[in-house]
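Undergrad: Build me a structure from this.
(2 chains)
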Amino acid sequence: MSIINKMNEFLDFFNYAFFYRALIMSVLAGLSCGIIGVWFILLNIPFIGVAIAHCAFAGAVMGLFLGINPILSGFVLCVIASVIIDPISQKAKVHNNISINLLFSLSIGIAFIFAGLLKERLHDIFAFFWGNLLISSQTDILLNFIICILLVLFAIFFHKAVIALFFSREISKACGIPENFIFLLLILLSCATISLNLKSIGGLLIYSLISLPAASAYQLTNNIKSMYFLSSLFAVASCICGLIISTFVHLPAGATIVLVSCMAFIISLIFSKKKNYKK
Amino acid sequence: METGNAISLSNINLIATNNRCILKNINLDIKKGEFVSIIGHNGAGKTSLLKLINGLINPTSGTIKIFTKNINNDLKKHIGYIPQTNFFENNIPINVRQTIEIGLTAKNGIFSKISYSDKLFVEDIAKKIGIFNLLDTPIGKLSGGQMQKVSVARVLAQEAKILLLDEPLSNLDTNSQQDVIEILEHIYKQENVTILLVIHNQKLIPKCCNKTVTLENGEIKIIDEH
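TA: Next up, the predicted model:
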């Protein structure tokens, strides 16, 4: 197929409402993942993000099996996962990474057992695994718009407290800042973001969209507000570029988005402001 | 010196989950306005004692009173804490000004706005500590001595009535140690504060210190009043 034919075929997508919905979802998913990515990177809890993303996927598959809303069951399971990491570590007297590893394995096991029991709905299950922006509904857009508003409001009103947590959770606790409450809010918002983006980005890939744009922004700025802005910008750009490239050359959208965000990270390393820092 | 106790520890025992006794039968009253140094070998329980006072850990038994009340979040606003090590990532995008403002957040509440007078207040503290030229520097770029000065500025912005300082001189060169000691002596003379200083090297105990507590294997061995 010539490039002109491909271009015509691509431009045809602009005649369909689902493509506009996918573009709007790209902006909303990028914005929300960009914001929570800053929290995960600066709180130094990247693996908690990985574990809750996979638990959300397992919860969604369980929801399909049990006949309940998969987004809701995904949200519930990832909230449970994020809340029990610390108690498991304390009870088993092991590092948090061991508990996270346990949850990661458990969630993958649960997901694939229910997938095995639901062979007739493998298509739906893989939609939560890989994600597909092109099947975003108006309800998805509305829910993602609401979560974006909540994230922005949280980032504005809790800015000072969140900086204290970034600096040191121990010092925040010692001087009376309610760090546990703020951390819990932050994790709940992150769980909601991950669950709502399962269908569009996918449980396997969403964590890359959370961590890579924030990690790229981290390379380029020494200012938290700029980091929020750049992280969201990179995530939105990755989603839109990924969507357009995948539509143009018939590739899975989620995987293309992640590859674009990987490229952005590699480029940011080249222009990194941090490489000359002393250790 | 003011009357009344700033900190009162009664029959404090702290036992770790592996049944190791970290602190044993600690009874200690620290009056308002006292400067107390806590010395002892590694593992003597010095850091645990400070963490008990600011509520980071709970005792297995015994009572802790801060200004005659049980520790709560409202009282914690009056306790400035400088831990032994700074845990942040080297490249964290937080500058010196934002770090000092954490003290304001603790004092005024998490939803408080930083007013113009707050900015001037932070700048005054930075001038007093000698870090005014570093206000816009990311904290990852600071040396150990500069970071300890920033930590002192943070607790000053908090206007804490009790300062808990956990080996603030460790890992500093001799000049930086002297700088920090002079700043602590100046703060003690100028501000109305009670200071608990955990220190490893007895030779570095500031001259204005009025009580030295020696811990050994989790027990108070000597209380030396100057």
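
Undergrad: Against residue B:170, how distant is the most centrally placed residue in chain B?
TA: Compute the mean C-alpha point of chain B, and by C-alpha atoms, centre = their mean the closest residue is residue B:164, 2.3 Å away. For residue B:164, the distance to residue B:170 (C-beta to C-beta, to the nearest Å) stands at 15 Å. C-beta here means a position set from N, CA and C on the backbone, and glycine is covered the same way.

Undergrad: How many residues are close by the residue in chain B positioned nearest to chain A?
TA: Among residues of chain B, the one nearest chain A by C-beta to the nearest C-beta turns out to be residue B:76. It sits 3.3 Å away. Taking other C-beta atoms under 10 Å in any protein chain shown as the neighbour definition, residue B:76 ends up with a count of 23.

Undergrad: Chain neighbours aside, what residue packs nearest to it?
TA: Counting by C-beta to C-beta, 6 or more residues apart in numbering or on different chains, residue A:176 is the residue found nearest to residue B:76 once chain neighbours are left out, at 3.3 Å.

Undergrad: how many neighbours does the one you found have?
TA: Here the number of neighbours of residue A:176 (other C-beta under 10 Å) works out to 24.

Undergrad: Quick one: residues contacting the residue of chain B closest to chain A.
TA: A:174-176, B:54-55, B:106 (C-beta atoms under 8 Å, 6 or more residues apart in numbering or on different chains).

Undergrad: Now do the helices in the chain.
TA: As the question left the chain open, I've gone with chain A. A:3-12, A:17-42, A:46-66, A:70-92, A:96-117, A:122-130, A:138-157, A:159-167, A:169-174, A:179-196, A:198-201, A:206-220, A:224-249, A:253-270 (DSSP state H).

Undergrad: switch to chain B, that's the one I care about
TA: Going by DSSP H, chain B shows helices at B:46-53, B:73-76, B:96-108, B:116-129, B:144-157, B:174-190.

Undergrad: Tabulate those (JSON lines), appending mean pLDDT.
TA: Putting those into JSON lines (pLDDT from 0 to 100) gives the following:
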{"stretch": "helix B:46-53", "mean pLDDT": "93"}
{"stretch": "helix B:73-76", "mean pLDDT": "86"}
{"stretch": "helix B:96-108", "mean pLDDT": "95"}
{"stretch": "helix B:116-129", "mean pLDDT": "92"}
{"stretch": "helix B:144-157", "mean pLDDT": "89"}
{"stretch": "helix B:174-190", "mean pLDDT": "86"}
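
Undergrad: out of those, which comes closest to residue A:204?
TA: helix B:96-108 (36.1 Å; C-beta to C-beta).

Undergrad: Is the closest one positioned near chain A?
TA: Yes. In terms of C-beta under 8 Å from any C-beta of the partner chain, part of helix B:96-108 sits within range of chain A, namely B:98-99, B:101-103, B:105-106.

Undergrad: How about the stretch 101-250 of chain A: which residue is closest to chain B?
TA: Distance from chain B to each residue of the stretch 101-250 of chain A (C-beta to the nearest C-beta) is smallest for residue A:176, at 3.3 Å.

Undergrad: got the contact list for that residue?
TA: Under the criterion of C-beta under 8 Å, 6+ apart, the contact list for residue A:176 reads B:73-77, B:79, B:106.

Undergrad: residue ranges with poor pLDDT in chain A?
TA: Judged by pLDDT under 70, chain A has its weakly predicted residues at A:1, A:274-279.

Undergrad: Would you mind writing the CA trace of stretch B:23-33 as CSV?
TA: C-alpha atoms of stretch B:23-33 as CSV (Å, rounded to 0.1, in the frame of the first residue of the first chain):
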residue,chain,number,x,y,z
LEU,B,23,15.6,1.4,76.3
LYS,B,24,15.2,0.3,79.9
ASN,B,25,13.4,2.1,82.7
ILE,B,26,14.2,5.6,81.4
ASN,B,27,13.1,8.4,83.8
LEU,B,28,14.1,11.9,82.6
ASP,B,29,12.7,15.4,83.1
ILE,B,30,13.9,18.2,80.9
LYS,B,31,12.9,21.7,81.9
LYS,B,32,11.8,24.4,79.5
GLY,B,33,14.8,26.2,78.2
